[in-house]
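Engineer: Got a predicted structure plus its sequence, pasted below:
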Amino acid sequence: MDEEEGIAGPPHRELYALLHVSPEASDEEIRRAYRQWAQVYHPDKYQDLHMKEVATQNFQRICEAYEILSDENKRQIYDIYGMEGLTSGLELGPRLSKVEEIKEELESFVRGMQMASQFQSQISKKNTLALGGNLAVSEHAGGRAASLVLGHQISPAASAEFMVSFGLQALVGMQTTRRLSQHSSATMGLAMSLQDGSINLSNTWTRQFSDTANGNIQLVLGPESSIAVGWQKREEKMSAAGELKLGTSSFGVSAHYTRRFSSKSHARIAGRFGSTALEIEVGGGRKLSNFSTVRMLYTIGIQGIYWKFEWRRGGQKITVPLLLSRHLNPLFATGAFIFPTSAYFILKKFVVKPYFLKRERQKALENFEKTSTQVQEAMAAAQRAQKLLENVANRKRNKQMELGGLVITEAKYGNLKHVKRSDQSGGVTESASQVIDVTLPLNFLVTDSGQLKLHEGVKKSGIMGFCDPCPGEPKGLHVEYTYGGNRYEVTVGDYEVLFIPREGHRI
């Protein structure tokens, strides 16, 4: 997996947000959510003609969402293609579904130019299929490989995978994974080489240490038996991993650290040391779009001094190395790193960044003018939807206040740059117009037990009482709340999970 790449939100999740359910919600959870919203927005509950009209509009939205998500075939089409796939009459049949991550991408780090591609799909409710291939060229040699992986979900706690690979490492194999407890799992694999008939048996035990860290131990028995101990940690702004591997004929230690400066840029340092490798790699990358990333990496080791250029798009990757020297001259190595790096930062600061900032401001202004009418209508509709939530939301809020529970005191959703300071200037400004107050709908969503959860991967503008106040701009949600007499605040991205209360949010 490419930990360095930013997390792009799934494109088709609006209906899940509308019903306030997870994209992995069961049929029963969807049915229960529909009933809850139907009780609030059923038109028969309102006598006032204006309120009845607003309730009717929102009730129709809820019914449409339920009709699609409760139908397995329609839900599959929606998960892949969205509403466009449904309105165009697209039929996939019952054996196609949304794209799911089957397993972590297996990459071969071969010195030379590389191209890789991978396709993943869920062919039924319990079966997944992955097809992959790569091409590598190193000096006067080259190679290619293709793989096919079929996964089957045996039970909620167990799964199996069958794999066939041709090319550089032709083999057939299978592995089973079982969850041993809430925080641990075990995987057993068996693989046979089609080239020499050798058999490898592997066992891996994984333990979740915390929400952001896990470790694993792997034992491999075969022609090259080994034992490896690994550790991984991933947070919002950083990720790190390390591994120690001891084999019958080799040993190695590897580690890497990645720091994300923003949703678009990151820096990376990695090192490998062992019987077959000794090198250090530093570099960074930047997202060009939701699907494309470029990276520049400087590598120095026993095989020479390299600059590598990588381009990734979806499951595809192209790596182009530039060999600077095969000799480890300290002066040359220092210059080879400092001069290109300095040139990059000078160009970025005085040419590239000013240009892109100017272009972004211009595009933002054009987009603001172009969508202002649409945004005003959406915000008016959101406020009308909030009006129908008001009685229940206030009742829940008062109950939580009496119990010393969770009370949302202020919540703003909109442009990530303005969402925390939208109320600091008087009057209606462009910044204020790109933010909507969502305090009331969040109080409505607080459970009787005094908790609130907004699901990961679901765009928050689809939540009832929300809207998109700034189309095309990065959005976030800033929440201030009280719990047990203490004050808390937190800001999350548009697709990030929100679960409160949390002690880490305490002011």
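Structural biologist: Structure's in. What do you need?

Engineer: Specify the local secondary structure of residue 257.
Structural biologist: Under DSSP: H, G, I helix; E, B strand; the rest coil, the three-state class of residue 257 is strand.

Engineer: which one is it nearest to, not counting chain neighbours?
Structural biologist: residue 240 (4.7 Å; Cβ to Cβ, 6 or more residues apart in numbering). Using the backbone N, CA and C atoms, a C-beta is placed for each residue, glycine as well.

Engineer: what stretches of this protein score poorly on pLDDT?
Structural biologist: Counting by pLDDT under 70, the low-confidence segments of the chain come to 1-12, 88-119, 135-144, 168, 314-315, 421-432.

Engineer: longest helix in it, by residue count?
Structural biologist: Assignment by DSSP state H gives helix 353-403 as the longest helix of the chain.

Engineer: quick one: the helices in the stretch 1-150 of the chain?
Structural biologist: Applying DSSP state H, counting those that start in this stretch to the stretch 1-150 of the chain gives helices spanning 14-19, 27-41, 49-69, 72-87.

Engineer: quick revisit: so what pairs up with the residue nearest to residue 257 in the strands?
Structural biologist: With DSSP bridges applied, residue 240 shows beta-bridge pairing to residue 233, residue 257.

Engineer: Centre of the chain to the longest strand along the chain, how far?
Structural biologist: Using DSSP state E, we find that the single longest strand of the chain is strand 141-155. Taking the mean C-alpha point of strand 141-155 and that of its whole chain, the gap between them comes to 23 Å (Cα atoms, centre = their mean, to the nearest Å).

Engineer: Name the strands paired with that strand and say parallel or antiparallel.
Structural biologist: For strand 141-155, the paired strands and their directions (DSSP bridges) are strand 127-138 (antiparallel), strand 158-167 (antiparallel).

Engineer: which one of the ones you listed lies closest to residue 253?
Structural biologist: Checking the strands paired with strand 141-155 against residue 253 by Cβ to Cβ gives strand 127-138 as the closest, at 24.0 Å.

Engineer: And the strands in the stretch 401-507 of the chain?
Structural biologist: Along the stretch 401-507 of the chain, counting by DSSP state E, counting those that start in this stretch, strands occupy 407-415, 435-437, 452-454, 475-483, 486-493, 498-500.

Engineer: Out of those, flag the one nearest residue 280.
Structural biologist: Of all the strands of the stretch 401-507 of the chain, strand 486-493 comes closest under Cβ to Cβ, at 32.6 Å.

Engineer: Grab the CA positions of that closest one and hand them over as PDB.
Structural biologist: Coordinates of each C-alpha in strand 486-493 appear next as PDB, following Å, rounded to 0.1, in the frame of the first residue of the first chain:
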ATOM      1  CA  ASN A 486     -15.300  19.800  30.600                       C
ATOM      2  CA  ARG A 487     -14.800  21.600  27.300                       C
ATOM      3  CA  TYR A 488     -13.600  19.800  24.200                       C
ATOM      4  CA  GLU A 489     -12.900  20.600  20.500                       C
ATOM      5  CA  VAL A 490     -11.800  18.700  17.400                       C
ATOM      6  CA  THR A 491     -11.500  19.300  13.700                       C
ATOM      7  CA  VAL A 492     -11.700  16.400  11.100                       C
ATOM      8  CA  GLY A 493     -11.500  16.200   7.400                       C
END
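
Engineer: quick revisit: buried ones in the longest strand of the chain, by neighbour count?
Structural biologist: By neighbour count with 16 or more other Cβ atoms under 10 Å, strand 141-155 contains the buried residues 145-147, 149-151.

Engineer: what does stretch 391-400 give?
Structural biologist: Those would be 393, 396-397, 400, for stretch 391-400 by 16+ other Cβ under 10 Å.

Engineer: still on that earlier bit, would you reformat the strands paired with strand 141-155 as CSV and include mean neighbour count?
Structural biologist: As requested, the strands paired with strand 141-155 are exported to CSV (neighbours: other Cβ atoms under 10 Å):
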stretch, mean neighbour count
strand 127-138, 18
strand 158-167, 16
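
Engineer: any chance of these in a markdown table, plus distance to residue 380?
Structural biologist: Conversion of these to a markdown table gives the following (distance: least, Cβ to Cβ, whole Å):
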| stretch | distance to residue 380 |
| --- | --- |
| strand 127-138 | 44 |
| strand 158-167 | 48 |
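
Engineer: quick one on the thing from earlier: turn the buried residues of strand 141-155 into TSV, including distance to residue 230.
Structural biologist: As requested, those are arranged in TSV below (distance: Cβ to Cβ, whole Å):
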residue	distance to residue 230
145	24
146	27
147	22
149	21
150	26
151	22
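
Engineer: Which among the strands paired with strand 141-155 is found nearest to residue 332?
Structural biologist: In terms of Cβ to Cβ, the element of the strands paired with strand 141-155 nearest to residue 332 is strand 127-138, at 22.8 Å.

Engineer: Quick check: end-to-end length of stretch 465-472?
Structural biologist: Across stretch 465-472, the terminal residues are separated by 20 Å (Cα to Cα, to the nearest Å).

Engineer: gap between that stretch and the chain center?
Structural biologist: 21 Å.

Engineer: go on, stretch 327-345?
Structural biologist: Here stretch 327-345 shows a centroid-to-chain-centroid distance of 35 Å under the convention Cα atoms, centre = their mean.

Engineer: what comes up buried for it?
Structural biologist: Judged by neighbour count using 16+ other Cβ under 10 Å, the buried positions of stretch 327-345 are 333, 336-337.

Engineer: and these, which of them are in strands?
Structural biologist: No part of those ends up in strands, with DSSP E as the criterion.

Engineer: Now distance to residue 230 too, for those, in JSON lines please.
Structural biologist: What follows is the buried residues of stretch 327-345, written out as JSON lines (distance: Cβ to Cβ, whole Å):
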{"residue": "333", "distance to residue 230": "30"}
{"residue": "336", "distance to residue 230": "32"}
{"residue": "337", "distance to residue 230": "29"}
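
Engineer: Closest to residue 356 out of those?
Structural biologist: When these are compared for distance to residue 356 (Cβ to Cβ), residue 337 comes out closest, at 25.4 Å.

Engineer: can you pull the contacts of the residue lying closest to the closest one once chain neighbours are set aside?
Structural biologist: Nearest in space to residue 337, with sequence neighbours left out and distances taken as Cβ to Cβ, 6+ apart, is residue 298 at 5.3 Å. Under the criterion of Cβ atoms under 8 Å, 6 or more residues apart in numbering, the contact list for residue 298 reads 281-283, 306-308, 336-337, 340-341.

Engineer: just residue 285 next, same as before
Structural biologist: Counting by Cβ under 8 Å, 6+ apart, residue 285 makes contact with 4-5, 265-266, 268, 293-296, 310.

Engineer: Look up how far residue 228 lies from it.
Structural biologist: Counting by Cβ to Cβ, to the nearest Å, the separation of residue 285 from residue 228 is 27 Å.

Engineer: Could you do residue 67 as well?
Structural biologist: From residue 67 over to residue 228 the distance is 50 Å, taken as Cβ to Cβ.

Engineer: likewise residue 332?
Structural biologist: Residue 332 is 35 Å from residue 228, where distance means Cβ to Cβ.

Engineer: go on, residue 120?
Structural biologist: Counting by Cβ to Cβ, the gap between residue 120 and residue 228 amounts to 26 Å.

Engineer: do the same with residue 130
Structural biologist: Noted for residue 130: a distance of 24 Å to residue 228, by Cβ to Cβ.
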